[in-house]
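S.K.: Build me a model from this:
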Amino acid sequence: MKEHEVRETAFAMPLTSPAFPPGPYRFVNREYLIITYKTDPEKLRALVPEPLEVDGDLVKYEFIRMPDSTGFGDYTESGQVIPVTFEGRKGGYTHCMFLNDEPPIAGGREIWGFPKKLADPSLRTEIDALVGKLEYHGIRVAMGTMGFKHKTLDSAAVQASLLAPNFLLKIIPHVDGTARICELVEYRLEDVTVKGAWTGPGALSLTPHALAPVAELPVLEVVSAVHILADLTLGLGKVIHDYLA
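M.R.: Next comes the predicted model:
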């Protein structure tokens with residue numbers, strides 16, 4: 001293979017059979033269970049990187065089912081998003097994510113900088129409750145529950161929340177083990193159609209685990225539980241801060 005062929009072909013690793021296809025990435029019938037809770041604000045400040053600023057004492061714990069996603073297939077993810085501000089703009093900083101599908105783990109990390117690790121999350125309806133679980137190699141570290149569709153929410157307000165900016169810390173190492181890329185990335189969801197949104201009583205339990213440390217942001221009080229069904233496109237990102245510049 002000639003050098004120009006490498007340049008023209010290279011998209012992702014491995015060169016001749018990338019782990020994921022080029023975007024855009026469209027998600028159909030994406031289903032969320034989002035449980036917002038209060039936690040220790042000092043712990044939030046210790047985890048959120050500058051120049052982002054913590055916006056209060058809240059965490060959004062998310063379970064997301066993606067049964068129909070372009071290039072990635074059918075999978076589930078779970079993790080924590082922290083409300084923040086950047087230059088006065090409100091958004092969410094993705095602190096950790098756990099998935100059961102290799103292509104979106106590789107693509108999410110390499111393209112945007114999503115903090116993704118392999119685990120076993122699930123989201124399903126069990127009788128009269130929506131139940132999200134996260135197991136890390138056989139050990140349950142998170143479980144969220146919500147009464148199923150107790151009250152309908154305003155779709156326009158939910159859509160506005162999904163369109164808010166999101167922030168990620170992208171780190172790619174050099175061959176000597178130092179950071180070659182260390183950037184703050186902003187991305188947005190696009191072409192969002194909210195098919196339904198509901199709320200109800202919610203509960204969340206987190207268990208300490210050395211390698212899936214979701215419990216390092218303890219649950220002090222559950223504020224709300226939201227169930228969303230939507231179609232959307234995952235937009236590409238832009239670098240808003242370079243830590244190595």
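S.K.: wait, is residue 158 part of a helix?
M.R.: Yes - under the criterion used here (DSSP: H, G, I helix; E, B strand; the rest coil), residue 158 sits inside a helix.
S.K.: what sits against the closest residue to it other than its chain neighbours?
M.R.: Once its chain neighbours are removed from consideration, residue 158 has its nearest residue in residue 197; the separation is 4.2 Å (CB to CB, 6 or more residues apart in numbering). C-beta: built from backbone N, CA, C; applies to glycine. In this structure, residue 197 makes contact with 152-155, 158, 226-229, judged by CB atoms under 8 Å, 6 or more residues apart in numbering.
S.K.: correct me, but residue 22 touches residue 11?
M.R.: Yes - taking contacts as CB atoms under 8 Å, residue 22 lies within contact range of residue 11: 6.0 Å.
S.K.: hang on, the earlier thing: with the contacts of residue 197 in mind, which one is nearest to residue 170?
M.R.: Checking the contacts of residue 197 against residue 170 with CB to CB, the nearest one is residue 228 at 26.2 Å.
S.K.: And the closest one, how far from residue 103?
M.R.: The spacing between residue 228 and residue 103, counted by CB to CB, to the nearest Å, is 23 Å.
S.K.: Ok, residue 28 next?
M.R.: Between residue 28 and residue 103 the distance, using CB to CB, works out to 17 Å.
S.K.: Just the helices from the chain, written as ranges.
M.R.: Taking DSSP state H as the criterion, the chain carries its helices at 3-9, 41-47, 102-107, 155-162.
S.K.: What average pLDDT does the shortest one get?
M.R.: Here helix 102-107 scores 96 as its mean pLDDT.
S.K.: swap in the last one?
M.R.: The pLDDT scores in helix 155-162 average 96.
S.K.: I would like the residues contacting that helix, please.
M.R.: Applying CB under 8 Å, 6+ apart, the external contacts of helix 155-162 come out as 189, 192, 194, 196-197, 226, 228, 230, 232.
S.K.: Name the residues of that helix that are buried.
M.R.: Using 16 or more other CB atoms under 10 Å as the burial criterion, the residues of helix 155-162 that qualify are 158-159, 161-162.
S.K.: Burial check on residue 56, number of neighbours?
M.R.: The number of residues packed around residue 56, counting by other CB atoms under 10 Å, is 13.
S.K.: which residues does it contact?
M.R.: Going by CB under 8 Å, 6+ apart, residue 56 touches 41, 83.
S.K.: next one: phi and psi at it?
M.R.: Torsion angles at residue 56 (phi, psi; degrees, to the nearest 10) stand at phi 100, psi -150.
S.K.: Could you check the pLDDT of it?
M.R.: According to the predicted model, the pLDDT of residue 56 comes to 95.
S.K.: Next: residue 23.
M.R.: In this prediction, residue 23 carries a pLDDT score of 89.
S.K.: Return the distance of the nearest residue to it once chain neighbours are set aside relative to residue 24.
M.R.: In space, and not counting its chain neighbours, residue 23 is closest to residue 236: 6.5 Å by CB to CB, 6+ apart. When CB to CB is applied, the distance between residue 236 and residue 24 equals 8 Å.
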